[in-house]
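Q: below is the sequence, then the predicted model.
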Amino acid sequence: MASIFPRHVRLLAAAALLAASHAAAQSNAGVTGTFSYDIAGQAGNGSFSCSGSPTCTGTYTDIFHASGCSSAIVITAPFTATGMSLSQPGAIQGTVSLVNWDYSYNIGTDGTCTLVPGSFDALSGSYTGSWNGRTGTLSIPVQFDTTSASIQVAFKADLTPVFPMTVTSNIDPVQASASAQIQYRPQDVGSQGSVYVFALAPATQVKNAALVKRAFLGIMARGAPKDAPVQCVLAQLNASGQLSAVSADSMTAFLSGVLQAGTVPVSILNAVPTPNVSGATFFVGYGANSAAMINGGINRAAVTVAGNVTCDPQAPQTGWWWNPAEDGRGFSIELQGHSIFYAAFLYDVTGRSTWVVASGPASLEGSYFVADLYSARGGQTLGGPYPGFPAIQKEGTVTLAFNDASHGTMVWPGGTVPIQRQPFVPNGLALAPAANQPENGWWWNADESGRGFFLEWQGSSLDMAGYMYDDAGNPVWYITVDQMRGPAGLTYSNTWWSYGGGQTLTGAWQPNHQVSNTVAPVTVQFTGPDTAVITLPNGRTTNLTRQRF
């Protein structure tokens with residue numbers, strides 16, 4: 001005879017008022033994430049998606065592994081989170097209300113667990129967390145009988161979606177269904193195009209092995225053993241509900257024609273066996289063709305199906321990147337919205353320092369970037385007047401594919417290079433931001449286009465590079481690293497350093513050397529999070545602001 005058990009995994013009551021919202025412009029923010037908990041042997045995990053900020057409404061799917069049950073209990077229900085003010089990185093707090101979170105269930109004689117009709121209860125509680133501008137974590141205190149623990153949440157948010165999309169999903173261990181409602185961007189309405197539904201999936205999950213090489217973009221799955229890595233490949237569902245590898249230019253369209261204004265319904269998963277798609281993230285996108293949709297970044301992640309090995313792409317952190325095996329050469333990378341601005345500092349065949357640059361749309365939630373690579377010549381020197389915009393020349397293409405926020409692969413004229421975030425002070429990537437820290441990323445004077453500065457803080461130290469030109473018009477870079485000083489830690493004063501003799505764009509690694517540690521003095525007085533005055537040689541000053549590209 002079956003017994004009835006109450007779940008009673010309760011959220012603890014909120015203890016603080018919500019932070020006031022200052023993010024009205026974020027009302028279309030899309031938030032997706034996963035969660036897990038283990039409370040006195042009562043374990044669970046799941047996923048969620050919601051839209052809006054500071055109040056985010058959506059649905060969650062909880063897979064509860066109750067003690068004594070041979071099968072999981074799966075609940076999909078609405079939820080609301082408040083206090084999701086994501087306009088600036090930092091601490092966040094608020095409340096969460098989960099419909100049908102609490103319930104009772106039967107344990108049958110065979111161990112199968114089933115829900116008791118009418119036993120559902122909606123519960124509310126508090127959370128605390130942090131947000132870095134692209135991803136965040138939350139901790140939700142819970143209690144099972146007398147045992148206290150917490151639900152751990154990881155999420156990512158898109159504050160300015162590529163195009164409006166709402167997703168409805170119902171995924172349990174047996175069957176997966178999902179659909180979306182999308183709207184085309186106003187500038188695309190009236191043009192000819194196609195809508196595509198596709199996945200980034202572990203290669204171990206896809207058929208059509210002959211296409212796997214062309215379907216691989218350079219992104220690796222998470223959760224696989226280090227000695228047996230798994231590629232993430234582009235895939236689409238075939239008529240049998242199985243994932244089949246496709247290339248960026250060979251996808252089958254969901255629909256084609258003239259793109260019309262209004263809402264467009266899109267079917268993503270139609271009662272597909274969940275084991276067939278576990279670990280895959282499904283996307284919806286549109287464009288003139290599938291390659292233009294991928295390379296142009298006109299796509300959005302719709303739903304991720306949980307799996308032991310998962311392809312859930314992440315955007316890169318803004319900051320300095322390098323290959324530790326090729327010291328002396330590095331990369332300045334910043335993602336803003338859905339665009340990446342990238343520069344590489346390296347050396348020409350004469351040993352002189354030089355640089356190349358690329359910019360354009362990022363794709364697959366910021367994890368994939370393809371753009372033309374340019375060199376520049378004839379622009380502004382370190383201390384000279386502005387001569388006008390430099391001449392540029394194409395040097396090839398660059399592709400960046402990021403496995404996570406701090407690891408990726410670069411393909412460019414010099415070959416395939418693994419890259420990762422660079423700590424320029426001990427434990428730099430783990431240091432908390434200093435008080436009053438200005439923004440990391442690209443800075444410039446908008447009236448002196450063609451010359452720029454890349455800044456990253458790690459703790460109270462600043463690493464700043466200047467990308468500009470020498471007196472002969474050759475591209476040259478200088479760098480300076482030191483502690484911030486002055487009142488409120490908003491003053492930087494040091495000298496520019498120069499380097500030479502290192503690795504070229506296409507050459508083998510060779511060590512560089514410092515040419516000078518006294519090229520010229522430099523002082524930067526920061527007047528706000530995105531404004532500063534820099535003093536250049538001969539006492540000349542110029543205003544700097546964050547470059548909003």
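A: Alright, I've got the coordinates. Numbers count the residues shown, from 1 in each chain.
Q: count the residues that sit near Trp322.
A: Counted with other CB atoms under 10 Å, the neighbours of Trp322 add up to 18. Just so you know, the C-beta spots here come from the backbone N, C-alpha and C atoms, and that holds for glycine as well.
Q: what of Gly118?
A: Using other CB under 10 Å, the number of residues around Gly118 comes to 7.
Q: now do the same contact list for Tyr374.
A: Neighbouring residues of Tyr374 by CB atoms under 8 Å, 6 or more residues apart in numbering: Val356, Val357, Ala358, Ile392, Gln393, Lys394, Glu395.
Q: what's opposite it in the beta bridge?
A: Tyr374 has these beta-bridge partners by DSSP bridges: Val357, Lys394.
Q: Trp131 too?
A: Beta bridges link Trp131 to Gly90, Gly136, judged by DSSP bridges.
Q: now it: how far from Leu400?
A: Distance, Trp131 to Leu400, by CB to CB, to the nearest Å: 24 Å.
Q: check Asp372 too.
A: Distance, Asp372 to Leu400, using CB to CB: 13 Å.
Q: neighbour-wise, which of these two wins?
A: Neighbour totals were compared for Asp372 and Leu400, and Leu400 leads with 25 against 14 (other CB under 10 Å).
Q: what sits against the more buried one?
A: The contact partners of Leu400, by CB under 8 Å, 6+ apart, come to Pro316, Ile333, Ile340, Tyr342, Tyr368, Phe369, Gly408, Thr409, Met410, Ile419.
Q: hang on, Val212 packs against Gln231?
A: Yes. Look at Val212 against Gln231 with CB atoms under 8 Å: they come within range, at 7.4 Å.
Q: ok, the two, which is more surrounded?
A: Shown here are Val212 and Gln231; by other CB under 10 Å, Gln231 has more neighbours (20 against 17).
Q: bridging residues for the more buried one?
A: As for beta bridges, Gln231 partners with Met220 under DSSP bridges.
Q: quick one: low-confidence ranges for the stretch 151-300 of the chain?
A: Along the stretch 151-300 of the chain, the model assigns pLDDT under 70 to no residue.
Q: which parts of it are helices?
A: All helices of the stretch 151-300 of the chain, identified by DSSP state H, counting those that start in this stretch, fall at 212-215, 274-277, 290-295.
Q: pipe those into CSV and attach distance to Arg540 per row.
A: CSV is the format used below for those (distance: least, CB to CB, whole Å):
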stretch, distance to Arg540
helix 212-215, 53
helix 274-277, 60
helix 290-295, 41
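Q: so which of the ones you listed is the most surrounded?
A: Sort the helices of the stretch 151-300 of the chain by mean neighbour count, taking mean count of other CB atoms under 10 Å, and helix 290-295 sits at the top with a mean of 21.
Q: by contact count, what packs against that one?
A: Helix 290-295 sits against strand 192-202, strand 281-287, strand 353-363, with contacts defined as 3 or more CB pairs under 8 Å, 6 or more residues apart in numbering; DSSP states H and E.
Q: quick one: the nearest residue to Asn538 once chain neighbours are set aside from Pro521, how far?
A: Setting aside the residues directly before and after it, Asn538 is nearest to Gly383 in space (CB to CB, 6 or more residues apart in numbering), at 5.6 Å. Distance, Gly383 to Pro521, using CB to CB: 11 Å.
Q: so what touches the helix or strand hosting Phe526?
A: Phe526 is part of strand 513-528 when elements are defined by DSSP states H and E. Identification of contacts with strand 513-528 by CB under 8 Å, 6+ apart yields 382-383, 438, 464, 478, 480, 486, 490-502, 532-537, 544.
Q: narrow those to just the buried residues.
A: Among the contacts of strand 513-528, the ones that count as buried by 16 or more other CB atoms under 10 Å are 382, 438, 464, 478, 480, 490, 492-494, 496-502, 532, 534-536, 544.
Q: ok so, going back, now for Gly383 and Pro521: what residues contact both?
A: By CB under 8 Å, 6+ apart, Gly383 and Pro521 have these common neighbours: Pro537.
Q: quick one on the thing from earlier: just among the contacts of Tyr374, which is most surrounded?
A: In terms of neighbours by other CB under 10 Å, the contacts of Tyr374 top out with Val356 at 24 neighbours.
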